[in-house]
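Enquirer: heads up, no residue letters with this:
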């Protein structure tokens, strides 16, 4: 009898445990359902007033696609406890500045309060969960394609092909991720310079905090080594801080600008787009007095623009950066294989556009077809003053089909047809041709291409915006050989022979097209130093003004 009584008691106790467990499951399910029922109307509203940027109507479709498969249940919070992935994302938001992004765009300062409220009052997690999803989608998009659409500035760049399906990316890549940071690293631009720019940004943020911001006095005339300069103590501190003067270096005389300081100034000048002459003049003082916080801003804007570029391309690209007047051709590992100076469009009148294209062919010993604008502004007036101008400039007037009309004296009838747009002018091939001896073509809406030039003296200038929009290259034979590297037999010697003494106007199609990126970045991070350049076209100023307005970004 005792045995059966004890068995009955055990059954009753077990039944009570099961009942309690089922009640707990029911309560959990009820809470789960309550939170799920709260998430859907939040998404429909398209706004969370507690967020820094509360309007998220642009993400409503992605949010529905993210939550709907799970019945609009919370994705980041379970039983008032944020997941490991949720906490990792919040930490990433706080450190968004390291990527050149604005932490408050992702509510960086608001998460502690939200987590505290969740854990201490067992409040509804719906709003927190939606805010975290919105912030994550914004962060992923900003890191992947940038905050501003480059089309807003009429740039010939598109980010459409780079866009992610945000709902799928969060659900498949982030929610189950064991390492959130690694998953996000994979979506950034693949260029080594981009990563170095991130590292430079962290360094310059620290330098800006350390710098006292004192301004150097501008001398009445340039200071040469051996002369006195009143701003010497500040100069030493600043050059040491930014790394151009080795730590601990002190001048022998606290008032004399000596040779050691001059070498440091030369390094600073070269890093800031100036002639490295070691003299302290007005242009050098201007660069020395730029606040380091402005350098931080240049690095941030440059990171934004890197994100506009394609991350997948058919072959290693050529990158031309307008503000530092340089071309870099990359290898299969996105390392620089060839580098040279370039001349770009004039800042005041004929700016080189920002765009991408595919180089398809080159032309050895090309004609130069005089553009209609130059024809109207200068060529026709010159012919009116001098009927022999065409012959003297090695030009020829042609019909629109290329048939030559004359290369000698221009009659009144021919001039009239020229003015009416019925005829064209081109310059014959040769070493004095405006395009030099080769042009490298990547068809585009801007009629811009790369070419050599007889005006090689311009490459020695520190600022090189002299062209009508096209890009003149310092090493045309080397670049042509590089783009023809997949065409059998096109050695440097053969290219040089074709340029110097080959047939005129010879077109060579590339065996493999070469992507060309014409970009604009006023900060370039090398392995051991950072270079800064003037905002010659004003693109930095315009981008900063739009970013300062905050969400929603255009």
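Expert: Looks like it arrived, so ask away. Note that the coordinates shown come from a computational prediction; the quantities given were computed from them, not determined experimentally.

Enquirer: buried residues in stretch 259-279?
Expert: Buried residues in stretch 259-279, counted by 16 or more other Cβ atoms under 10 Å: 260-269, 271-275, 278-279. C-betas here are computed from N, CA, C, even on glycine.

Enquirer: Is residue 178 in a helix, a strand, or coil?
Expert: Residue 178 falls in the coil class when you classify it by DSSP: H, G, I helix; E, B strand; the rest coil.

Enquirer: Could you shift the numbering so residue one becomes 717, and keep it that way?
Expert: Okay, using 717 as the starting number, the last item reads as residue 894.

Enquirer: Is there a neighbour count for it? I'd like the number.
Expert: The tally of other residues near residue 894 (other Cβ atoms under 10 Å) stands at 9.

Enquirer: Next, give phi and psi for it.
Expert: When quoted as degrees, to the nearest 10, the phi and psi of residue 894 stand at phi -80, psi -20.

Enquirer: show me what contacts residue 1015?
Expert: Contacts for residue 1015 (Cβ atoms under 8 Å, 6 or more residues apart in numbering) come out as 816, 913, 916, 917, 920, 1239, 1241, 1246.

Enquirer: bridging residues for the last one?
Expert: Right, residue 1246. residue 1241 (DSSP bridges).

Enquirer: residues in contact with the residue nearest to residue 1071 when sequence neighbours are not counted?
Expert: Closest residue to residue 1071 apart from its sequence neighbours, by Cβ to Cβ, 6 or more residues apart in numbering: residue 872 at 2.6 Å. Shown in contact with residue 872 (Cβ under 8 Å, 6+ apart): 1069, 1070, 1071, 1072, 1073, 1160, 1161, 1162.

Enquirer: One more: residue 779?
Expert: Contact analysis of residue 779 by Cβ under 8 Å, 6+ apart lists 759, 772, 846, 849, 850, 853, 883.

Enquirer: all helices for the stretch 917-1066 of the chain, in order.
Expert: With DSSP state H, counting those that start in this stretch as the criterion, the stretch 917-1066 of the chain has helices at 948-957, 975-987, 998-1004, 1008-1022.

Enquirer: The shortest one - contacts with which helices or strands?
Expert: Looking back up the chat, that one is helix 998-1004. Other helices and strands packing on helix 998-1004, by 3 or more Cβ pairs under 8 Å, 6 or more residues apart in numbering; DSSP states H and E, are helix 975-987.

Enquirer: From what I see, residue 801 and residue 893 are in contact.
Expert: Yes - Residue 801 is within contact range of residue 893, at 6.2 Å (criterion: Cβ atoms under 8 Å).

Enquirer: who has more neighbours, these two?
Expert: Shown here are residue 801 and residue 893; by other Cβ under 10 Å, residue 801 has more neighbours (21 against 17).

Enquirer: ok so, going back, to residue 1107, which of the helices of the stretch 917-1066 of the chain lies closest?
Expert: With Cβ to Cβ as the measure, helix 998-1004 is the member of the helices of the stretch 917-1066 of the chain nearest residue 1107 (43.2 Å).

Enquirer: Not counting its own residues, what contacts the closest one?
Expert: Residues outside helix 998-1004 that contact it (Cβ under 8 Å, 6+ apart): 932-935, 938, 951, 954, 981, 984-985, 988, 990, 1248.

Enquirer: give me that answer again for 6 Å
Expert: For helix 998-1004, the external contacting residues (Cβ atoms under 6 Å, 6 or more residues apart in numbering) are 932, 934, 988, 990.

Enquirer: for the second one, what are its contacts?
Expert: By Cβ under 6 Å, 6+ apart, the contact list for residue 934 reads 998, 1001.

Enquirer: pLDDT of stretch 1257-1268, averaged?
Expert: For stretch 1257-1268, the mean pLDDT works out to 93.

Enquirer: do stretch 858-871 as well
Expert: pLDDT averaged over stretch 858-871 gives 96.

Enquirer: Span of that stretch from start to end?
Expert: Chord length of stretch 858-871, first to last residue, is 18 Å (Cα to Cα, to the nearest Å).

Enquirer: By neighbour count, which bits of it are buried? Give me those.
Expert: Applying a neighbour-count criterion of 16+ other Cβ under 10 Å, one finds 858, 859, 860, 861, 862, 863, 864, 865, 866, 869, 871 buried in stretch 858-871.

Enquirer: Return the member of those nearest to residue 787.
Expert: Nearest to residue 787 among the buried residues of stretch 858-871: residue 860, at 28.2 Å, using Cβ to Cβ.

Enquirer: pLDDT below threshold where in the stretch 1117-1266 of the chain?
Expert: Nowhere does the stretch 1117-1266 of the chain drop to pLDDT under 70.

Enquirer: quick revisit: now the buried members of the contacts of residue 872.
Expert: For those, a burial check counting by 16+ other Cβ under 10 Å picks out 1069, 1070, 1071, 1072, 1073, 1160.

Enquirer: wait, is residue 1121 part of a strand?
Expert: Yes - per three-state DSSP, residue 1121 lies within a strand segment.

Enquirer: That one contacts residue 1111, correct?
Expert: No - counting by Cβ atoms under 6 Å, residue 1121 stays clear of residue 1111, with 11.2 Å between them.

Enquirer: Those two - which one has more neighbours?
Expert: Ranked by neighbour count (other Cβ under 10 Å), residue 1121 and residue 1111 place residue 1111 first, with 21 against 17.

Enquirer: Backbone dihedrals for that one, please?
Expert: When read as degrees, to the nearest 10, the backbone of residue 1111 gives phi -90, psi 170.

Enquirer: quick revisit: now the contacts of residue 1015 as JSON lines including distance to residue 1029?
Expert: Shown next, in JSON lines, are the contacts of residue 1015 (distance: Cβ to Cβ, whole Å):
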{"residue": "816", "distance to residue 1029": "23"}
{"residue": "913", "distance to residue 1029": "19"}
{"residue": "916", "distance to residue 1029": "25"}
{"residue": "917", "distance to residue 1029": "25"}
{"residue": "920", "distance to residue 1029": "30"}
{"residue": "1239", "distance to residue 1029": "23"}
{"residue": "1241", "distance to residue 1029": "21"}
{"residue": "1246", "distance to residue 1029": "26"}
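
Enquirer: Mind checking which of the residues you listed are buried?
Expert: 816, 913, 916, 917, 920, 1239, 1241, 1246.

Enquirer: what's the fourth one in contact with, if anything?
Expert: Each residue near residue 917 by Cβ under 6 Å, 6+ apart is listed here: 816, 1015.

Enquirer: Relative to residue 1155, which of the contacts of residue 779 is nearest.
Expert: Nearest to residue 1155, judged by Cβ to Cβ, of the contacts of residue 779 is residue 853 at 44.8 Å.

Enquirer: State the helix or strand in which that closest one lies.
Expert: Using DSSP states H and E, residue 853 sits within helix 842-861.

Enquirer: next one: that helix to chain centre, how far?
Expert: Distance of helix 842-861 from the chain centroid (Cα atoms, centre = their mean, to the nearest Å) equals 22 Å.

Enquirer: circling back: turn the buried ones among the contacts of residue 872 into TSV, including distance to residue 1192 and secondary structure.
Expert: Shown next, in TSV, are the buried ones among the contacts of residue 872 (distance: Cβ to Cβ, whole Å; DSSP: H, G, I helix; E, B strand; the rest coil):
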residue	distance to residue 1192	secondary structure
1069	21	coil
1070	23	coil
1071	21	strand
1072	21	strand
1073	18	strand
1160	19	coil
